[in-house]
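Student: no sequence for this one, just the structure:
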Ligand SMILES: C[S@@+](CC[C@H](N)C(=O)[O-])C[C@H]1O[C@@H](n2cnc3c(N)ncnc32)[C@H](O)[C@@H]1O
């Protein structure tokens with residue numbers, strides 16, 4: 001079966017009815033072109049979530065040989081023909097029928113319908129920020145950033161697109177050049193037609209000045225950039241609906257989350273970056289010491305531990321939290337997003353586990369410390 005599939009020019013393959021050992025409930029595969037290379041993209045479905053995996057042509061064969069046999073039903077859709085393989089009791093039954101699919105396949109990895117912001121759409125600040133060319137094409141070197149901000153806005157749209165309030169207030173922590181801030185403003189003000197107030201905070205005076213200049217140039221009212229150290233300066237005291245942060249350095253992310261917790265902000269979208277804190281202080285202390293033996297593994301484990309603790313603290317503080325891969329690793333090595341929605345009151349379920357980890361492995365985690373010190 002697999003060799004035949006590998007030799008077919010397919011438009012799509014679906015694998016369903018998982019058998020023992022399959023991690024996902026269903027997989028859809030299609031050929032795509034990523035940065036000019038022919039590749040395959042697998043959409044893997046589990047617990048109502050989709051996980052994307054891009055495979056180069058050379059990786060695909062090995063992957064298919066291991067994964068597809070874990071599904072009892074595999075359907076291969078080619079132009080004009082659908083072939084179904086059904087496996088039971090060690091035997092594979094093959095059937096074939098005609099279909100109306102044409103040979104033309106959309107090989108784009110980023111099908112336009114998936115995008116809220118479309119290439120070619122007149123979004124002038126993106127030209128000023130160097131993401132679009134003057135004729136609104138994506139600048140090649142900014143493709144990954146474009147992908148990140150587009151996906152970020154899609155995720156905001158999923159959660160906040162139906163907010164019925166007339167006016168929405170948003171803070172962006174560590175906004176930097178503010179590609180995301182401008183786009184979130186554009187999404188709410190221009191696409192959704194809402195009144196929106198956004199403040200972007202950053203340490204860097206020159207980038208803040210430039211962003212204010214661009215906001216003024218396009219009369220983006222109520223979009224403001226402020227020089228601030230989010231770890232110590234006094235921030236907005238108005239009611240905020242959404243806190244966002246994209247790659248705010250190290251513990252700046254903790255201060256964004258802490259602000260949201262303290263102010264009971266309903267929606268949080270935070271993609272952390274350079275999680276150095278735990279990596280610099282963690283020491284041996286338990287069953288998982290082997291994960292601290294090699295520098296690069298220690299660094300990655302520390303980053304994951306940091307984000308797990310952040311998610312656990314948010315949960316204790318009454319948020320429903322999802323940790324998701326917001327873009328594929330190819331578009332950013334820091335691709336985990338903490339997506340949180342305040343749904344209930346405080347309940348310290350995770351705190352004892354965090355305490356135990358901190359004392360066993362000798363580290364401190366800023367968000368946990370901030371929350372703990374506030375309570376006592
Ligand atoms: C990697 S950049 C990300 C910028 C932007 N969010 C993006 O994704 O393009 C991180 C930004 O966080 C800012 N930053 C770091 N620590 C900060 C702090 N304590 N207060 C405010 N901004 C901070 C930096 O100046 C920098 O511009």
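Tutor: Thanks, I have it. In this text, all values refer to a predicted model and were calculated from it rather than measured experimentally.

Student: Which residue ranges make up the domains of this protein?
Tutor: For the chain, the structural domains run 2-98, 113-375, going by automatic domain parsing.

Student: now the ones you listed in JSON lines, with mean pLDDT, mean neighbour count and distance to the ligand?
Tutor: Every residue, glycine included, has its C-beta placed from N, CA and C. As requested, the domains of the chain are arranged in JSON lines below (pLDDT from 0 to 100; neighbours: other CB atoms under 10 Å; distance: least, CB to the nearest ligand atom, whole Å):
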{"stretch": "domain 2-98", "mean pLDDT": "88", "mean neighbour count": "15", "distance to the ligand": "20"}
{"stretch": "domain 113-375", "mean pLDDT": "93", "mean neighbour count": "18", "distance to the ligand": "2"}
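
Student: Enumerate every residue touching the residue nearest the centre of the chain.
Tutor: Residue closest to the average C-alpha location in the chain (CA atoms, centre = their mean): residue 326, at 1.4 Å. For residue 326, the contacting residues are 148, 151, 152, 155, 271, 335, 336, 337, by CB atoms under 8 Å, 6 or more residues apart in numbering.

Student: Wait, the third one touches residue 242, no?
Tutor: No. With contacts counted by CB atoms under 8 Å, residue 152 stays clear of residue 242, the gap being 11.6 Å.

Student: shared neighbours, these two?
Tutor: Residues touching both residue 152 and residue 242 (CB under 8 Å, 6+ apart): residue 269.

Student: In contact with residue 18, which residues?
Tutor: 24, 25, 26, 70, 71, 72.

Student: mind redoing it with 10 Å?
Tutor: Residues counted as contacts of residue 18 (CB atoms under 10 Å, 6 or more residues apart in numbering) are 24, 25, 26, 27, 46, 70, 71, 72, 73.

Student: same thing with residue 262?
Tutor: With CB under 10 Å, 6+ apart, residue 262 has these contacts: 317, 370, 371, 374.

Student: Same question for residue 356.
Tutor: residue 286.

Student: now the helices for the protein?
Tutor: For the chain, the helices defined by DSSP state H cover 2-7, 57-67, 124-128, 143-160, 179-185, 205-217, 252-263, 276-281, 295-316, 351-361, 366-375.

Student: Show me what the third one is packed up against.
Tutor: So that's helix 124-128. helix 179-185, helix 205-217 (3 or more CB pairs under 10 Å, 6 or more residues apart in numbering; DSSP states H and E).

Student: can the ones you listed go into CSV with extra columns for distance to residue 82?
Tutor: Output for the helices and strands packed on helix 124-128, formatted as CSV (distance: least, CB to CB, whole Å):
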stretch, distance to residue 82
helix 179-185, 40
helix 205-217, 51
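
Student: related to what we said a few turns ago, do you know which of the helices of the chain lies nearest residue 197?
Tutor: helix 179-185 (9.4 Å; CB to CB).

Student: and the closest one, how far from the chain's centre?
Tutor: In terms of CA atoms, centre = their mean, to the nearest Å, the centre of helix 179-185 is set 16 Å apart from its chain centre.

Student: list the helices and strands it packs on?
Tutor: helix 124-128, helix 143-160, strand 167-173, strand 195-202, helix 205-217, strand 223-227, strand 242-249, strand 267-273.

Student: contacting residues for the closest residue to residue 154 other than its chain neighbours?
Tutor: Of all residues not flanking residue 154 in the chain, residue 116 sits nearest, at 5.6 Å (CB to CB, 6 or more residues apart in numbering). Residues counted as contacts of residue 116 (CB under 10 Å, 6+ apart) are 149-154, 156-157, 161, 183, 186-187, 191.
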